[in-house]
Structure formats: C-alpha cells, structure tokens
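J.: attaching a predicted model along with its sequence, questions to come.
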Amino acid sequence: MKKTLFTLLGLGVLLGSTSAIAQSTWDGGDDLPTAPLACDGTPGAAAAKEYDGAQPTNAPDRAGKQLTLVDIPKLIGIGYFGATSKGMQDAAKELGNVEVTTDGPTKANIDEQITFIDNYITRGVDGILFAANDTVAIAPVLKKALEAGIHVIGYDSNSTPDSREWFINQAEFNGIAKSMIDNIAKEIGEDGSFAIVTSTFTTPNQARWIAEMGAYAAQCYPNMEWLETVEAQEDNILSFNQASTLINKYGEDLDGIFGMTSVATPAAAEAVTQAGMCGKIAVVGLATPNAMRPYVKADCVKSVVLWNPVDLGYAAVYAARAAADGKLKPGSTELEAGKLGKLQVVNGSEILLGPPFVFDKSNIDDFDF
Amino acid sequence: MAATMALPARASAGSRLRRFLFSQEGILLIAIIVLFVAVGAYNQRFLSANNLSTIFLGNAYIAVAAIGMSMVIVSGNIDVSVGSLIGVLATISGTIAVSGWPLWLAWTLPILAGMAISAVSGWLIAYLRVPSIVVTLGMLSILKGGLISVTAGAWINNLPQGYHLAQLRPLGVPMAVWFMIVLTALAAFWMRYSGFGRSIYAVGGNAEAARLAGIDRARTVFIVFVIHGFFAGIAAVLFATQLSVIQSTVPPNLELTVITASVVGGVSILGGTGTVIGSTLAAILIAAIGSSLVFINVSPYWLRAVQGLLILLTVLADLARRRKRARHR
C-alpha cells in the first residue's frame, strides 16, 4: 500500500510542479528588439548602414555589353530552385543582353558547390549568382571569383558580406510578420484570437518571426488576442496533435491558427479540416505551395505567406546587370528591377525583394515547389 | 518467469485486487484515471469527445509499435531502429498508394516489408549473436540515410480516396484505436497462454534455464523480431493513413517514445518480465500527459522531462519489486 501511495504522491508533486511552471508562459518569441513596420504599409526607414560588400578587382568595363552569367543554387532538380531559375530566364529575356545558365550539385552539398563555382571561374564568366549551402565555407571561392574580376551576387542564402557584392534578401522578419498578421486579420477580424504552432524553442528564424508578429499585432491590432504558442518540432503528427488539442481546448474562443513552418502549417490545416472547422478557424502560415495545395484548393486555407522564388531569381539577374553597368555600386540606395519596380537596399549590401508573396487559390497552381 | 501476471489459483477477490493495484498495469491505470480527473476538473474540455479522440487517435500507432517492442525487450533485446523503420514503411505505403496500385496492397505490403527488414536484424542478433543495440543502431542509420537519399525529403501528396484507413470510424471509434485495443488484447493473450509466448519470457529471463528446458533461443529471438516487424508495419500504416500528406522522413524521437511506452509499461529492460497491456496503458498515459500540458499551459518541452521521470520512477519501482520478491523467497 505504501508504494501505491508513494507513486500517487509522486504524480501529485509532478502535476503540482508543472502547474507552477505554467505561470511563466512561453510565447515562442525571442527577446531581441523588434522593429514592427507601419500598419499602413509605408516601407520602414532603412537604418543607414555603410556598404559592407566587396567589389570585383579590375573588372573590365561591361556597361551595356553582352553578359554571360552562371547561376549555382544550393542544388538543382527541386521545384524551388527551378522557380528561381525560371525568374532568371525571364529577366534575361527582358533585358536582351544577358545569358544565364543554371548549373550545380544535385544534392545540397557545399563541397560540390565550391567545385562548380571554381570550374566556372576557370572557364571564365562575367558573373556568378549563388545560393550558399554554407555561409562561411563558400566565402573563399567567391573571393577568388571577385579577384578574377567576376561579379558575384547572392540570393536566398547569404555568404559572408565580404565575399560578394550584393545579396537579394527574400524577406525581412518584420515584413513576414506584417503579412502574417494582416492576412489573419482579414479572416478573423481585428479583435479575433489566435494561437501559434511553431517548431521548437530554439529555431532562431521562427522565434524572430513570432517576436515581430507580437510587436506588429500589438501596434496595429491592439484588440487581437494572442492565446498561446505551442511547440511541435518538425514533426507532422505532433504538429497535427498540437493543433487539434488547441482546437479542443479553446473551442469557440479560437478564431485562427498560425503555422510557423512548412510542417506546422499543413498539419494545422489538416487539424482544422478533420475537426470540421474549415471556415470557422482560419489557418495562415509560412509554407511551400506544394504542401498547402490541397487545403488551399478546398478553401480551408486562404493565404499562405512566403516569398516568390521566381521574383527572387528575376531580381538577382537585374542586380547583376546593374552592377556590371555600374548603376548598382557602393552607396546605391535602390535597384531598378524591371517589373518589380524599385527595390530597397538594406543592411549595407542587401537588396530587399519587397513584401512577402501570398499564395492563394488564384495563383497557387503557378508554382511547383 | 511469466509470474508477473500469473495469479495464484485460489486467490480471494480482495488479494487479487491488491495484486492488480500493485502491478505496473494497476499503477498506470490509476495514474491515467487521476490525470483525466485532475485535468478534466481544471478544464472540462479536456474530457470532450473530440479531445479524447485526439489523444487516442494521434497516438494509437505508438501503442501498436510498443507491442512488438515489448516482445523484443522481454526477449532480452532492444530495437532502436523502430522509428526509422516506421518512417520507411509509411513512405512505402504512400508510394504504393499514389502509384495507382490497389489500396489493400498499400496497407499490406508495408507490413510484409517490415517483417522482412526486421527479420534481417533478428537473424544477425539471433544467429550471429551480434548485440541487438549494435545491429539496430546500424539499421537505424541505414534506414534513415536510405530514406532521405531516395525521397530527398519530398512529401507524398495527392493520396487516393479511401486510403486513409486510420481515419475510418467503425461504431464511432477511430480505426487506429480499434487496432490498438484488438492487437493489445490478442498479443497479451498470446504471450501469456501460448507455448511460444511463454518461451519469450523464458529466453529473456533466464537463457540457461530456457536452454535446459529445450527452448531454442536463437529461433525464439528471430521469430520475435519478425513479429516485431509485423507490428511496426501496422503502426506505419496507421501512421501513414492518419493525415493527408506523408512526410517521408523519420519522425523525430519516435523510437524513444516507443521504447519509453514499453519500459514505463513495466517491461523490464533486463528482459523476462512485462506485458503488452502495460505498454499500451503507458502509451495512453504519455499521450494524455502530452495533451494535458497544452491544457494547463505548460510547454510541451516538459513532455520529455516528464517521460524521463516516468522511466526513472518505473525502473525504481521495478527494482523495489524485484528486491521484495527476492526477500520473500
């Protein structure tokens, strides 16, 4: 009998201690300073920061001349980089005096990527576009390219700034945050309540986005209620269970769920679908179009927030052209990028792609990644 | 050896009850009831039909996998590759389903594949006498690496209508839960009353005595692994048919969750004792704790800490019981 009592006592202590921890709720955001954008969408004032990229040495005068560019993404053969590559071809066709080839490893492997870049330096090109598999490890070979007078432009995944001229930044944290909150506000109203399903405590990007979302919501929708954040790792079924549990817990009091990863967002949509709550509980999140297609087509999810990889590749080619023409140089504050208009220079040597892209029923079939 | 559940022939009802309450199964049942009552009192919605369904449906596959795992551990071995195995088998199931083959093949071939893969591990362990931790650690890497290389992490979408076996609800109860209940009952009965079932306990409890009793250790261990593959296959099919997409990766920490269910269920890591009723109850308890953490606003991060605590408590209780039994002898 003693032992049973002991075990029960242990369980009691356990429950007691867990509810004590409950007092300090974790919201999933980090403690870094936030910079929420203006509610009406006026672009944030870019903090003036000096150019911190690197320029090619003894680059020949290529202004207005035919350019041969090579694009070396993290890997080839996947939808995402197929889309960036398409954007590059679009831009080349528009410009008329640029030729781009995409080539690269079939696996996201930094060593192979370095070999590819090295080969193209030897072969001789006017410019290299890259999406780095490793920020630091790719730097030496890029510096070698700069020393050979080749223009070097990064997109999607950066290298250290001193190893490339410019980097096309697909989205800033506060931009994603604004798009997420604005899109859910459209569905749940300015006084709706929402919960967040994220990956883990420690994923820096998610924590940053959540902190910015909280700051933006507090500033622009003060009556919106943020119920809680749950952790679900990168696990499909756990994400589904957590989202279902949120629906069960809050019932009518829950108006919307944010998914913070490409795993959490479809799982949240699945939970809402299986609970028969489509149209009653909104799901907005960061995810790839392929993962969300069934839910968007079934009208259960109205907006999926990400960036448009086609535009990303398009901007990279325009940046290379402008750099070769001497129009984009240290001190420039914007880039004229064809149909995308003027793109802002931020953080010294990054070009911001603009507000995130929202995939919805009307456009999701244009993408395959 | 199988004495944990074997009751004296003419035990009075009272002493039967006391025995049950002292057993791991009894303690787990009490813990589950206490948890449901306590969290239900805190927030009634915890006991809503929807939430009970989430708790059971979302985790039944773990209980099913834990049945096979319990047999493996009772036989004195372990399989740390079960999470990767389930990931691979779920991907096989989904691939068959989207390639237009009949659905029953998508449900049955993964089970055969599970038995085949597990038979390889079992053969190495049983006949070549390689320690099971080594073999299954190797198998874990092979399966995980192979899966990522083959699928490149691409998800399986557009699964055909009718594929989602786990979502069916005969008599209002999710199919996955039916599988959990029926398989647990069958396995428990079989392990306790069949000759082979008892030989698993004998091999894990005292290999020398088992040999003297004429039990073929190697053959027993090999068959246990094949059966384990069978349950892993069913678990994988339930796992794959639960959601509209299959992730084609290995679910993080799944093997630990399955092993935890077995151990907390009272299956002694030293081999020889434990039941699958215990492991299923433990799987339910762990799932219920996971859900209750959301209801009482505690980060699910604590789930792992709680799981760890449960393991330690169980092992301590197991040791105490063993000592007590030794003293009485």
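T.: In hand now; what should we look at? Numbers count the residues shown, from 1 in each chain, chains lettered A, B, ... in the order given.
J.: wasn't residue A:107 part of a helix?
T.: No - with DSSP: H, G, I helix; E, B strand; the rest coil as the criterion, residue A:107 is located in coil rather than a helix.
J.: where are the low-confidence patches of the stretch 1-150 of chain B?
T.: Applying pLDDT under 70 to the stretch 1-150 of chain B flags the ranges B:1-11.
J.: try 50
T.: Residue ranges of the stretch 1-150 of chain B with pLDDT under 50: B:1-8.
J.: tell me the SS of residue A:58?
T.: Three-state assignment for residue A:58 (three-state DSSP): coil.
J.: so it makes contact with residue A:150?
T.: No - using Cβ atoms under 8 Å, residue A:58 makes no contact with residue A:150, being 10.8 Å away. Yep, even glycine has a C-beta here, placed from its N, CA and C like the rest.
J.: neighbour count winner among those two?
T.: Using other Cβ atoms under 10 Å in any protein chain shown, the more surrounded residue of residue A:58 and residue A:150 is residue A:150, with 23 against 7.
J.: you'd agree the more buried one is up against residue A:125?
T.: Yes - in this structure residue A:150 lies within contact range of residue A:125 using Cβ under 8 Å: 6.3 Å.
J.: show me chain A divided up by domain.
T.: Following automatic domain parsing, chain A resolves into domains at A:28-39+A:173-306, A:67-170+A:308-354.
J.: gap between the two ends of the first one?
T.: Meaning domain A:28-39+A:173-306. Its first and final residues considered, domain A:28-39+A:173-306 spans 20 Å by Cα to Cα, to the nearest Å.
J.: same check on stretch B:164-174?
T.: Taking Cα to Cα, stretch B:164-174 runs 11 Å from one end to the other.
J.: for it, what is the average pLDDT?
T.: Taken as a whole, stretch B:164-174 has a mean pLDDT of 87.
J.: pretty sure residue B:236 sits in a helix.
T.: Yes - judged by three-state DSSP, residue B:236 forms part of a helix.
J.: helix or strand: which one has the nearest residue to it once chain neighbours are set aside?
T.: Nearest residue to residue B:236, sequence neighbours excluded (Cβ to Cβ, 6 or more residues apart in numbering or on different chains): residue B:89, at 3.4 Å. Using DSSP states H and E, residue B:89 falls within helix B:82-98.
J.: same thing with residue B:308?
T.: According to DSSP H and E, residue B:308 maps onto helix B:301-328.
J.: could you pull up the mean pLDDT of that helix?
T.: So the average pLDDT for helix B:301-328 ends up being 78.
J.: buried sites along that helix?
T.: B:302, B:303, B:306, B:307, B:310, B:311, B:313, B:314, B:317, B:318, B:321 (16 or more other Cβ atoms under 10 Å in any protein chain shown).
J.: go on, stretch B:267-279?
T.: Residues of stretch B:267-279 classed as buried by neighbour count (16+ other Cβ under 10 Å): B:267, B:268, B:271, B:272, B:273, B:274, B:275, B:276, B:277, B:278, B:279.
J.: am I right that the first one is in contact with residue B:73?
T.: Yes - at 4.7 Å, residue B:267 counts as touching residue B:73 under the criterion of Cβ under 8 Å.
J.: residues contacting the residue nearest to residue B:236?
T.: B:110, B:111, B:113, B:114, B:232, B:233, B:236, B:237, B:240 (Cβ atoms under 8 Å, 6 or more residues apart in numbering or on different chains).
J.: ok, and the most crowded of these?
T.: Per-residue neighbour counts (other Cβ under 10 Å) across the contacts of residue B:89 peak at residue B:232, which has 33 neighbours.
J.: does the closest residue to it other than its chain neighbours belong to a helix, a strand or coil?
T.: What sits nearest to residue B:232 in space, not counting adjacent residues and going by Cβ to Cβ, 6+ apart, is residue B:114, at 4.6 Å. Secondary structure for residue B:114, judged by three-state DSSP, is helix.
J.: give the contact list for residue B:114.
T.: Contacts of residue B:114 were listed using Cβ under 8 Å, 6+ apart, and they are B:85, B:89, B:229, B:230, B:232, B:233, B:236.
J.: now residue A:190: phi and psi?
T.: Torsion angles at residue A:190 (phi, psi; degrees, to the nearest 10) stand at phi -80, psi -10.
J.: just name the closest of the contacts of residue B:114 to residue B:198, please.
T.: Among these, residue B:230 lies closest to residue B:198 (Cβ to Cβ), at 19.4 Å.
J.: let me see the contact set for the closest one.
T.: Shown in contact with residue B:230 (Cβ under 8 Å, 6+ apart): B:68, B:111, B:114, B:115, B:118.
J.: and the average pLDDT for the strand or helix carrying residue B:227 is what?
T.: Following DSSP H and E, one finds residue B:227 within helix B:217-240. For helix B:217-240, mean pLDDT is 95.
J.: quick one: it to helix B:82-98, angle?
T.: 50 degrees (axes from the mean of the first three to the mean of the last three Cα atoms, to 10 degrees).
J.: quick check on whatever residue of the stretch 101-250 of chain B ends up closest to chain A: phi, psi?
T.: At 4.4 Å from chain A, residue B:247 is the closest residue in the stretch 101-250 of chain B, using Cβ to the nearest Cβ. Recorded main-chain torsions at residue B:247 are phi -80, psi -20, according to degrees, to the nearest 10.
J.: which parts of the stretch 151-300 of chain B sit against chain A?
T.: B:152, B:155, B:157-158, B:167, B:239, B:242-247, B:251-252, B:290-291, B:293-300 (Cβ under 8 Å from any Cβ of the partner chain).
J.: so which of those residues are in helices?
T.: B:239, B:290, B:291, B:293, B:294, B:295 (DSSP state H).
J.: report the buried residues of stretch A:177-185.
T.: Using 16+ other Cβ under 10 Å as the test for burial, stretch A:177-185 gives A:177, A:178, A:179, A:180, A:181, A:182, A:183, A:184, A:185.
J.: roughly how far does the last one sit from chain B?
T.: Put plainly, it is residue A:185. For residue A:185, the distance to chain B equals 25 Å [Cβ to the nearest Cβ, to the nearest Å].
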